[in-house]
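Participant: prediction below, plus the sequence it came from.
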Amino acid sequence: MFIARPSRPFLCRMICAVSLIGLLLGKIPFAQAADNPSAPPPPSPALRSVHRALREFDRFLDHHPLPEDDLRLNPNLITDRIYLGKNLELNDFLAANPEVLGGLKMYPRYYLFRALLRQASVPVHYAEIVQLKSVLDAEPEMEKALNRDPESIRSPAFLRAHALLYEFLNQHAILRNAFSSHEDSTVQKS
């Protein structure tokens with residue numbers, strides 16, 4: 001039986017065509033790296049594991065708001081045996097997801113940022129809320145106040161009392177729109 005075999009020039013043209021299509025569609029990884037040499041390297045597997053664990057913790061906390069408030073007010077409770085003994089679901093979750101504790105050490109404002117994201121009147125990405133870090137670093141007392149009462153970020157009186165936060169929000173439209181109250185126009189659009 002005779003089976004037709006493609007000629008060598010035909011195979012070369014097919015390989016070139018498939019490669020070109022892959023490059024154009026961005027399906028070949030080396031082509032993507034060459035397009036943007038300054039792109040940051042992908043996160044390490046350990047960092048991806050921590051991020052995955054924190055996403056799982058987000059889901060857990062979405063269904064367990066009381067422990068979240070306790071932990072925001074006192075993050076050390078996450079390792080307190082007495083507290084965990086009273087919160088068996090949290091204890092079981094942490095036992096099944098040990099990377100969470102490392103993630104919380106890497107991101108010490110995790111609970112505050114989650115609480116602030118809930119205060120936003122429009123969807124805000126975590127990357128946006130993290131920009132508040134510089135303001136929180138500069139005003140630790142304001143950070144403590146926000147930890148106690150995250151809703152105060154929407155208060156005109158709170159913003160008047162914290163000029164640095166007020167200015168920051170005026171310079172960051174996404175956050176300004178997310179935290180401005182509808183009944184008050186204290187935080188004006190620039």
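Facilitator: Looks like it came in fine. Remember, predicted model here, so these are calculated numbers, not experimental data. Numbers count the residues shown, from 1 in each chain.

Participant: tell me which helix or strand in the chain has the weakest average pLDDT.
Facilitator: The least trusted helix or strand in the chain, going by mean pLDDT, DSSP states H and E, turns out to be helix 29-35, with a mean of 46.

Participant: run a quick neighbour tally on the nearest residue to Ala120 once chain neighbours are set aside.
Facilitator: Nearest residue to Ala120 in three dimensions, chain neighbours excluded: Ala178, at 3.8 Å (Cβ to Cβ, 6 or more residues apart in numbering). To be clear about C-beta, it is placed using only N, CA and C from the backbone, and glycine gets the same treatment. If you count neighbours by other Cβ atoms under 10 Å, Ala178 ends up with 21.

Participant: what helix or strand is Ala178 located in?
Facilitator: In the assignment (DSSP states H and E), Ala178 maps to helix 173-179.

Participant: buried sites along that helix?
Facilitator: Ile174, Leu175, Arg176, Ala178, Phe179 (16 or more other Cβ atoms under 10 Å).

Participant: so which of those residues is the closest to Val135?
Facilitator: Leu175 (10.2 Å; Cβ to Cβ).

Participant: roughly how far does that closest one sit from Ala115?
Facilitator: Distance, Leu175 to Ala115, by Cβ to Cβ, to the nearest Å: 14 Å.
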